[in-house]
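Novice: can't give you the sequence, but here's the structure:
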DNA sequence: GCTAACCAAGCTGCGCTACGCCCCGATTTA
DNA sequence: TAAATCGGGGCGTAGCGCAGCTTGGTTAGC
């Protein structure tokens, strides 16, 4: 009952101070991701491109923070590659979980024929 | 109506020749994964460890082929890291083990000979 | 004086890949 | 039937290339 995957109004949202803009240092502290990693991610994720102010400093907004946390989770917890994260986040709006039900194990001898079994037995014996 | 009969051999299943054992070269051809990659995966995925026959050659079974295709999809399509695939497959296996129903289709075979063959089969399988 | 920007170069280890030797099984020869 | 030959796998391991940071150097704003 505690958490339901950090959505729009989850209590976890509270941990970010209520301000409109964040500089890279703040973002780094809040998300526990080093500044240089944030700068690097920018080169890898086209959808993580904060604006810059007059003097060229990055200006992050709340949405960026959520995105950063999501990337962090996919990369470090779920262990996707950067490309995997990119793929996944780009197609995330497309809600299609693709539930592929695994087949059961039908490995063994099922068809009811003595001849069938004997053939398989020979096959096995050839292994030796 | 016809689904009752088609359950065991779904269309996808047909792509593998119907045999019990495969050598690494065959597996490589069937799954389109190089032999040396298969050997490498063995060092990374504890659940992909084919038996070896007397001469030390790997002996894969059908279940391994399915597993290999699954790994391939996670690695190359979804772009997980190897560790990510491992995590995912290890927790995925914690589903329902699915009770295996068996031995009720043997009516046509004379009970005596079937039992003999099964015993012999087990005996052989122990050799691996 | 701290923080940020940019760029280049360096580092680590993941995920193969190449290499050299060995063995199996089919065919030939005796 | 056995022995000999031989080519196409199969084996394990060392080496390699690049993904993903990480560091260092320099310049500039608050």
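Specialist: Received the coordinates, thanks. This structure is a prediction, so every number in the text was calculated from the model and none was measured. Residues are numbered from 1 along each chain as shown, chains lettered A, B, ... in the order given.

Novice: Hmm, residue A:41 is touching residue A:74, no?
Specialist: No. With contact defined as Cβ atoms under 8 Å, residue A:41 does not count as touching residue A:74 (11.7 Å). C-betas here are computed from N, CA, C, even on glycine.

Novice: in chain A, which ranges drop under the pLDDT threshold?
Specialist: Residue ranges of chain A with pLDDT under 70: A:1-14, A:93-128.

Novice: Let me see the contact set for the residue of it with the smallest separation from DNA strand C.
Specialist: Nearest residue of chain A to DNA strand C, counting by Cβ to the nearest atom of the strand: residue A:25, 2.1 Å away. Listed by Cβ atoms under 8 Å, 6 or more residues apart in numbering or on different chains, the contact set of residue A:25 reads residue A:35.

Novice: in chain A, which spans are strands?
Specialist: Along chain A, counting by DSSP state E, strands occupy A:51-52, A:58-59.

Novice: name the helices or strands packed onto the last one?
Specialist: Applying 3 or more Cβ pairs under 8 Å, 6 or more residues apart in numbering or on different chains; DSSP states H and E, one finds that strand A:58-59 makes contact with strand A:51-52.

Novice: and the strand it packs on, what does it pack onto?
Specialist: When contacts are defined as 3+ Cβ pairs under 8 Å, 6+ apart, strand A:51-52 packs onto strand A:58-59.

Novice: contacts for the strand it packs on?
Specialist: Outside strand A:58-59, the residues that touch it by Cβ under 8 Å, 6+ apart are A:21-24, A:50-53.

Novice: from the residues you listed, which would you call buried?
Specialist: Those of those that meet the buried threshold are A:22, A:24, A:50, by 16 or more other Cβ atoms under 10 Å in any protein chain shown.

Novice: Get me the contact residues on chain A for DNA strand C.
Specialist: Residues of chain A found near DNA strand C (Cβ under 7 Å from any atom of the strand) are A:23-26, A:28, A:35-36, A:39, A:52, A:56-58, A:81, A:127.

Novice: Kind regards, and thank you for your time.
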